[in-house]
Each structure stands twice: as C-alpha cells, then as structure tokens.
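Asks: got a predicted model here, sequence first, then my questions.
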Amino acid sequence: MSAAPVFFDLQVNGYAGVDFNRDGITPDDVHRACERLEADGVEGCLVAVITDAVDAMCRRLSAVAAMRVRDPLATRIIAGFHIEGPFLNPGDGYRGAHPRDAITRANPDAMQRLLEAASGLTKVVTLAPEQDPGFAVTRQLARDGIIVSAGHSDASVEVLEAAVDAGVSMFTHVGNGCPMLLHRHDNIVQRALSLADRLRVSFIADGAHVPFTALRNYLRLVPLERCAIVTDCIAPAGLGPGRYTLGRWDIVVGDDMVPRSPDGSHFVGSGVTMQQSAKNLIERLKLPEEAVRRLTYDNPKAFLKSH
C-alpha cells in the first residue's frame, strides 16, 4: 500500500505469542501483544474471548479488563471485547474450535455475568440465533447498544430473519464456523448472504478460511460498506510457525501459518495479520487501496460507532 496503513481488527484471540484465552497471562503479556499489534499497524482491536465455562470466561474478561485500564498502550489499542460464545450451535463443524461441553443455550443471567466481568467494554457478542430462545439475549444486548452478531450457527433463513428483527445486525466470519461439507444451496453461507442488505458481515482474508475465489464473489455480492475484514488471529500471529495455545487447544502451526485442530478436521482461529490480509486483498483479489482501507479500517470502526 502506498502509505503506512492502519488497521482496526474486530476479532483478536491472541497475538505475538500471547493467548488472551488462557488463565495466567500477565500485564507484561498484554503490553507485549499490544506493542506488536501497534508495530504491525493495528490502531485498535477487540480482544476476543471464546467459549469456555462461564466462570472461566468471566475470569479472563475481568483479568484483561483490569490489565488494560492500568496500561496506557493497552487502553489505546484494546477498544473492547468481542465475546464469541458460549451460546453457539454445538454441532460438528458449526462449533469449530469451541468446546462442546461448554456450549449452552443463551441465558440472560449468564450473559449479564459476562458483561459485568468485561467492565462495560463488550462491543460485540457472537451467538447462534437458534440457541437464543425467544431471542431474549439478543434483545437484551441490542437494548444495551452491543452488536449482536450471528455466527457458528445453522439457523434457518426464517430464524435468521426473525433474529435480525430482534436485533442481530452482523454475521461473524462468513464462510467459517460451519462444516466443510454442506448442502450445495441450502446452507448457512447462502442464508447469511441472502440478508446482506440487513446484516454487516466479516470475513477472514487468509485464503484458507475462505478461498480467494469465494471471497471475491462474496465481496462482489455484499455492499462494500457492509463488509469488514477480521483476522480471528491467535497467538502465532505476528510471529511464525511453532507450538501455541488457544484456550484449551494445544496447536502446532506449520509453515502455512494456518492453525488446525490436531486431527485436521477444522481450523482453530487464524495466524494471519492485518498486514498480510491487506496484502492478500491487493495482490490476490486486485482490490484498489481505497477499498482495502475501508475493509480493514474504516468499516470496522464504523460498525462500532453505529451502536
């Protein structure tokens, strides 16, 4: 890109060897991750805390929130939290890297505990609409001005439409959080894209989570102002191949920088940076720099400001 780019990432599970989803991270860990994010052009991000027992999720949210407020760099870089789970579809493929035993139906009391642990910093919550009876949690979050994003979901189009009416306004990393093999037409990707006039959507631009050919098609279909690129990155982002963690997962990341489950059945977050994502959009999709800036900076920030 012609000038030093800046990025805003709505989904960061970890960075530079730091896993935000493990107990025991230190203020130095948080500071180091933020230093590397800033050095790699990330002006701001949402720390993503993923499915575990609600007590564990609360503990991690509370710890990062407390360390953030005491560190000026972390306060500047970490704009808030993206809570991804535990109210997700437990089916194989749909839950992705989220542990089945911790996935549960949406519950307003559990949601309130998570919000309180995050100290008012929750900006996005990803849930499966079919896991939210009566859309009670969706309505609760929407009333509080928090973005409710569908994801890790196999909601029917009727349920998805009703969820949008109740307050869902986004879909998390379209093309992921679903099985590798789907019905060729009636699947959650097609259902989400069919509502692109009502939903903002995020994509991972590493070429693995969504092949570049498919990503090009999706970006042609969805109005540009309704799209954002996220990394969904975990600890290897900003470093390289090696052994890392994401919550309960112990992961070996190879030279392709794609974290996979031990059996290879699904991805476990990504190892891509926003810098590499932008480079992919320019070199592989041939997008103009202005469009790339909108996808990787302007639009993610605008999504948050609209709530």
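Replies: Now that the structure is in, tell me what you want to look at.

Asks: so Arg243, which state does it fall into?
Replies: strand (DSSP: H, G, I helix; E, B strand; the rest coil).

Asks: burial of it, as a residue count?
Replies: Neighbour count for Arg243, taken as other Cβ atoms under 10 Å: 10. To be clear about C-beta, it is placed using only N, CA and C from the backbone, and glycine gets the same treatment.

Asks: need the longest strand for this structure.
Replies: Taking DSSP state E as the criterion, the chain has its longest strand at strand 42-50.

Asks: distance between it and the chain's centre?
Replies: 8 Å (Cα atoms, centre = their mean, to the nearest Å).

Asks: strands of the stretch 51-200 of the chain, start to end?
Replies: 78-84, 122-127, 147-150, 168-171, 200-204 (DSSP state E, counting those that start in this stretch).

Asks: buried sites along the helix or strand of the chain with the lowest mean pLDDT?
Replies: Least confident helix or strand, the chain: strand 249-253 with a mean of 81, by mean pLDDT, DSSP states H and E. By neighbour count on 16 or more other Cβ atoms under 10 Å, the buried set for strand 249-253 is 249, 251, 253.

Asks: also stretch 187-202?
Replies: 188-189, 191-193, 195-196, 199-202.

Asks: which residues of the stretch 201-307 of the chain score low on pLDDT?
Replies: 264-266, 307 (pLDDT under 70).

Asks: from what I can see Ile78 touches Glu38, true?
Replies: No: using Cβ atoms under 8 Å, Ile78 is not in contact with Glu38, being 11.0 Å away.

Asks: run a quick neighbour tally on the residue nearest to Gln140 when sequence neighbours are not counted.
Replies: Using Cβ to Cβ, 6 or more residues apart in numbering and skipping the chain neighbours, the partner closest in space to Gln140 is Pro108 (5.5 Å). For Pro108, the count of nearby residues is 13 (other Cβ under 10 Å).

Asks: which residues touch Pro108?
Replies: 136-137, 140 (Cβ atoms under 8 Å, 6 or more residues apart in numbering).

Asks: okay but Ile251 is in contact with Pro241, surely?
Replies: No: applying Cβ under 8 Å as the test, Ile251 and Pro241 come out as separate, 10.7 Å apart.

Asks: follow-up on the earlier one: who has more neighbours out of Ile78 and Glu38?
Replies: Ile78 (25 against 16).

Asks: which residues of this protein fall in helices?
Replies: Ranges of helices within the chain are 27-39, 54-69, 72-77, 108-117, 136-143, 157-166, 188-194, 212-221, 274-283, 289-293, 299-305, based on DSSP state H.

Asks: ok, and what's touching stretch 242-259?
Replies: Here stretch 242-259 has contacts from 13-14, 17, 19, 21-22, 50-52, 97, 99, 206, 208, 234-236, 240-241, 260-262, 267-272, using Cβ under 8 Å, 6+ apart.

Asks: save the strands of the stretch 51-200 of the chain as JSON lines, and put in distance to Asp28 too.
Replies: Output for the strands of the stretch 51-200 of the chain, formatted as JSON lines (distance: least, Cβ to Cβ, whole Å):
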{"stretch": "strand 78-84", "distance to Asp28": "15"}
{"stretch": "strand 122-127", "distance to Asp28": "25"}
{"stretch": "strand 147-150", "distance to Asp28": "31"}
{"stretch": "strand 168-171", "distance to Asp28": "33"}
{"stretch": "strand 200-204", "distance to Asp28": "29"}
